[in-house]
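# Quick one: sequence plus predicted model below, questions after.
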Amino acid sequence: MKWRVKELLFSVIFVISLFIYTRNQRQQFLDKQILPLDAYFCLENGECILLEVADSPNEQKLGLMQRSKLDPLRGMYFPFETPRRVGFWMYKTQFPLDILFIFDSNIVYIEHNASICLELPCPTYTSKGLVDGVIELTAGEANRLDINVGDDVRIEYFKRVQ
């Protein structure tokens, strides 16, 4: 009898734990990340792109997941303290992107029109060498704004009023 009570108690605890875990996992994918516009970079033609800055590992992991769109002249910037090879995927991203890979303030590679991926496995879009930053824009923005490999990218941060 004691064994059945323990077994029943364990089963109830397991089911509750599983429910909480799946609810948290589901909520993680339902939540979309919208970061403040903390930085910008200006193009030679004078237009400036406002950037959300994903600088923590969790912010970089979520990126633009679950977002339905990104306005023109808006992007997400992923800075890396140490230059490295990186790979980006489009899992749970709702719209295609242009991915600008940056090293030493220069665009070294552009992945145009990276496709959405709603189910695993997803393709990975990788830098062709070391990068110290990545900018994601709505697909077509790089062409529309005449952004090319070799262009300078000077990221400027907004000064926060304390």
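Nice, thanks for sending it over.
# Now W89: closest residue in space that isn't a chain neighbour?
In this structure, W89 finds its nearest non-sequential neighbour in C122, 4.5 Å apart by CB to CB, 6 or more residues apart in numbering. The C-beta positions use only the backbone N, C-alpha and C, and glycine is treated the same way.
# N113 now?
A139 (4.4 Å).
# Would you report the backbone torsion angles of the one you found?
Per-residue torsions, A139: phi -50, psi 140 (degrees, to the nearest 10).
# so what's it up against?
Taking CB atoms under 8 Å, 6 or more residues apart in numbering, we find A139 in contact with 95-98, 112-114.
# domains of the chain?
With domains defined by automatic domain parsing, the chain comprises 1-30, 37-157.
# could I get these as TSV with mean pLDDT?
Putting these into TSV (pLDDT from 0 to 100) gives the following:
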stretch	mean pLDDT
domain 1-30	48
domain 37-157	96
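# so which of the ones you listed is the most packed in?
domain 37-157 (a mean of 16; mean count of other CB atoms under 10 Å).
# would you list every one of the helices in the protein?
In the chain, helices defined by DSSP state H lie at 2-30, 57-62, 141-144, listed in chain order.
# Name all residues that make contact with R154.
41-42, 105.
# Can I get those in TSV including distance to M76?
Listed next are the contacts of R154 as TSV, based on distance: CB to CB, whole Å:
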residue	distance to M76
F41	12
C42	17
S105	18
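# Look up which residues are beta-bridged to the residue lying closest to L73 once chain neighbours are set aside.
Nearest non-adjacent residue to L73, counting by CB to CB, 6+ apart: I49, 5.2 Å away. Per DSSP bridges, the residues bridged to I49 are F41.
# I49 contacts Y40, correct?
Yes - the criterion here is CB atoms under 8 Å, and I49 meets it with Y40 at 6.2 Å.
# just how off-centre is the strand ranked longest in the chain within its chain?
Counting residues, the longest strand found in the chain (DSSP state E) is strand 74-84. In terms of CA atoms, centre = their mean, to the nearest Å, the centre of strand 74-84 is set 10 Å apart from its chain centre.
# what packs against that strand?
Counting contacts by 3 or more CB pairs under 8 Å, 6 or more residues apart in numbering; DSSP states H and E, strand 74-84 is packed against strand 48-53, strand 131-138.
# quick one, the shortest one and strand 74-84 angle?
If you take axes from the mean of the first three to the mean of the last three CA atoms, to 10 degrees, strand 48-53 sits at 60 degrees to strand 74-84.
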